[in-house]
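Peer 1: what's the 3D shape of this:
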Amino acid sequence: MTFCEFRKDRQMHVQLTNGYSLDSAPERDFGVHYAIYRNINPEFEDFLEYGSDLQGLNYCFWVRSGGQRIGGIIIRPNHVEGLFLRPPHTQAYEVLAAALPVLLAWSDKARPVEAADVMPHELELYRRLGFGTRSGRRVYIRPTERLNVHWESKYELGVPTPARATELAELFERAYSDYPPECPLGDLPHRAERDLNLTGLHAQATTLVYDRARALLVGACFVRLNPLVTRPDINIPRVSDIAVHPEYRRRGLASQMLKRALTKLSRDYATLRFGVAAGIPAEALYHGLGFVPGVTHYRLAMPEDVRAVQEGLADGKATTSETITTQWRDDNGPRS
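Peer 2: Purely as a prediction, here's the structure:
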């Protein structure tokens, strides 16, 4: 089956199999439907805001059956997520199976095909199509309040400035070298420059920790204020990055940096939240500081051999009697 080219700069209509089709959807309207009909809130957001960060991206599609709009999905080259159906429709697997050929047709063959933000109850739908679990993530949240923050005399706090980008990138590289692959080390210099371009409360709630004797950056906790897309006058504080030099772990630095952020934010903001890889040892620290986790959502990927079979089916080069025999080894999960 031949599909139109994926284009971010135009509206698209894509005819699928079994009477289904996709039509480009306005992001704000899509976000409202997405929030209501997926009925999930792993980010602890206002339900009308969940999904609204897609504004300006032509990734959102209404799902139609027989010309009737029955739900929606987010799909672009090498990426799918967010399927929802409006009652009384329940054919989630059939819709995903119909959308898979266009996903494969649009995708770069040199890159993995991934499914993001998959909820626990959706895992089996994707696994039936050959996807395997790569990692899990959840958001933690806690009320802000003034807390007792104590720093040993061997440490001093630094002010975030763009001039510190190189040493911050070096800290990120050391601290994140054993993290899951969705935190690519090649992005760290850019992230360092972004995080250090801070003003106002961003900078006040952000902490850089130095070992005085070594003049070495050993800890960093960055807070960003993310405006809600549909209500830009409202900001939500998030920890965008927290890193501790491997030689300085288990000395209470992460705890003190988070306490300082909670204290600095307490006058103007009610909550602080951040996302972490599920299953890492640091979750015990967050629990001990009073943070509560949201729903775990997963990132999945399709192994190359399974993808080859699926592409063959989509192209008519394989028969539906072929079976996928690959056992996906779930050994790419979160690490400490």
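
Peer 1: give me the contact list for stretch 257-273.
Peer 2: Residues external to stretch 257-273 that are found in contact with it (C-beta atoms under 8 Å, 6 or more residues apart in numbering): 43-44, 139-149, 201, 204-207, 209, 219-221, 223, 235-239, 242, 286, 289. Using the backbone N, CA and C atoms, a C-beta is placed for each residue, glycine as well.

Peer 1: extract the CA atoms of stretch 27-37 and return them as CSV.
Peer 2: These are the backbone C-alpha positions of stretch 27-37, laid out as CSV (Å, rounded to 0.1, in the frame of the first residue of the first chain):
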residue,chain,number,x,y,z
GLU,A,27,-3.1,20.5,18.3
ARG,A,28,-5.1,22.3,21.0
ASP,A,29,-8.4,20.5,20.1
PHE,A,30,-6.5,17.3,19.9
GLY,A,31,-4.9,18.0,23.4
VAL,A,32,-8.3,18.3,25.0
HIS,A,33,-9.6,15.1,23.5
TYR,A,34,-6.3,13.4,24.3
ALA,A,35,-6.6,14.3,27.9
ILE,A,36,-10.2,13.3,28.4
TYR,A,37,-10.3,10.1,26.4
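
Peer 1: gap between stretch 137-149 and the chain center?
Peer 2: Distance of stretch 137-149 from the chain centroid (C-alpha atoms, centre = their mean, to the nearest Å) equals 20 Å.

Peer 1: which of the residues in that stretch are buried?
Peer 2: By neighbour count, with 16 or more other C-beta atoms under 10 Å as the criterion, the buried positions of stretch 137-149 are 137-142, 144, 147, 149.

Peer 1: dump it to CSV, keeping only the CA atoms.
Peer 2: Backbone C-alpha positions of stretch 137-149 (Å, rounded to 0.1, in the frame of the first residue of the first chain) are rendered in CSV as follows:
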residue,chain,number,x,y,z
ARG,A,137,9.7,6.6,33.4
ARG,A,138,7.5,8.3,36.0
VAL,A,139,7.1,11.8,37.4
TYR,A,140,7.4,12.6,41.1
ILE,A,141,5.7,15.4,42.8
ARG,A,142,5.8,17.1,46.2
PRO,A,143,4.4,20.2,47.9
THR,A,144,7.0,22.9,48.3
GLU,A,145,7.9,24.2,51.8
ARG,A,146,10.7,25.8,53.7
LEU,A,147,13.1,23.1,54.8
ASN,A,148,16.3,23.1,56.8
VAL,A,149,19.2,23.0,54.3
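
Peer 1: residues contacting it, please?
Peer 2: Stretch 137-149 is contacted by residues 42-44, 237, 256, 259-260, 262-263, 265-266, 269-278, 286, 289-299 when judged by C-beta under 8 Å, 6+ apart.

Peer 1: model confidence over that stretch, on average?
Peer 2: On average, the pLDDT along stretch 137-149 is 95.

Peer 1: mind giving me the ChimeraX select for the contacts of stretch 137-149, buried ones only?
Peer 2: Here is the ChimeraX command that picks out the buried ones among these, judged by 16+ other C-beta under 10 Å:
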select :42,43,44,237,256,259,260,262,263,265,266,269,272,273,274,275,276,277,278,286,291,293,294,297,298,299
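
Peer 1: any low-confidence regions in the stretch 151-300 of the chain?
Peer 2: Per-residue confidence of the stretch 151-300 of the chain (counting by pLDDT under 70) places the weak regions at 178-202, 228-232.

Peer 1: show me where it has strands.
Peer 2: Along the stretch 151-300 of the chain, the stretches classed as strands by DSSP state E, counting those that start in this stretch are 155-158, 207-211, 216-227, 235-244, 271-277, 292-293, 297-301.

Peer 1: quick one, which of those strands gets closest to residue 126.
Peer 2: Across the strands of the stretch 151-300 of the chain, the minimum distance to residue 126, taken as C-beta to C-beta, is reached by strand 297-301, at 5.3 Å.
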